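Trainee: Would you be able to build a 3D model of this:
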Amino acid sequence: MKIEPPEFTDPYDAGRKEMPLFRVVISHHPSMLYLFFCAIFFCAYYFAASKIHSDPYALILQFFLGGWALSLLSFLFAFLMFVYNRILVSTQRLYGIRFALLHRHFSLCLTDITSVTVAQHFFAGPLHYGRIRIRTHGMTLHFPFVKEPAAVKEALDKAILQAGRSR
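Mentor: Modelled structure (predicted):
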């Protein structure tokens, strides 16, 4: 989460204009983790292939090749999420671009958001990333690989509360 300074400090315009609060940062740790798995499976495949000379279609070789392909696809997905996703929270709205088929560009009013939830799975806790789910009356948006999701949820809840008070 990066805090954006206000572009102007005029106290008379502060209540009328929309000011950026913070930008949600997508973590690079998942893409590096999947790239590491990709390298491990690649090395394991060639090590096992050098030890098994007689059967090129051995079950262990197929396992390492499948693990390599799966970790390569996971790396590409995580890297595209890191490069493409952008989320900006202002005093009145939530703007962003997602790597998704539906609702790619979105703009939500903060008062329309009904709940914000955070999930962290296996490697996400130690590597400080997780998934944020934002629910409105009409849709649910998922943002995977968010850096420090608990702090983002706390700041987003505070922004939603402030937007509800100022309305």
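Trainee: Just the endpoints, please. Distance across stretch 82-99?
Mentor: One end of stretch 82-99 to the other measures 9 Å (C-alpha to C-alpha, to the nearest Å).
Trainee: pLDDT weak spots in this structure?
Mentor: Of all residues in the chain, those with pLDDT under 70 make up the ranges 1-16, 167.
Trainee: What is the lengthiest helix in it packed up against?
Mentor: Secondary structure of the chain per DSSP state H: the longest helix is helix 59-84. In terms of contacts (3 or more C-beta pairs under 8 Å, 6 or more residues apart in numbering; DSSP states H and E), helix 59-84 is packed against helix 29-51, strand 140-147. C-betas here are computed from N, CA, C, even on glycine.
Trainee: Pull the distance from the last one to the chain's centre.
Mentor: Between the mean C-alpha point of strand 140-147 and the mean C-alpha point of its chain there is a distance of 4 Å (C-alpha atoms, centre = their mean, to the nearest Å).
Trainee: same deal with the first one?
Mentor: In terms of C-alpha atoms, centre = their mean, the centre of helix 29-51 is found 24 Å from the chain centre.
Trainee: by contact count, what packs against it?
Mentor: Packing partners of helix 29-51 (3+ C-beta pairs under 8 Å, 6+ apart): helix 59-84, helix 124-127, strand 140-147.
Trainee: again, only this time at 10 Å
Mentor: Counting contacts by 3 or more C-beta pairs under 10 Å, 6 or more residues apart in numbering; DSSP states H and E, helix 29-51 packs against helix 59-84, helix 124-127, strand 129-136, strand 140-147.
Trainee: quick one, which of those is nearest to Leu35?
Mentor: Nearest of the helices and strands packed on helix 29-51 to Leu35, taken as C-beta to C-beta: helix 59-84 at 4.9 Å.
Trainee: tilt between the closest one and strand 140-147?
Mentor: Counting by axes from the mean of the first three to the mean of the last three C-alpha atoms, to 10 degrees, helix 59-84 lies at 100 degrees to strand 140-147.
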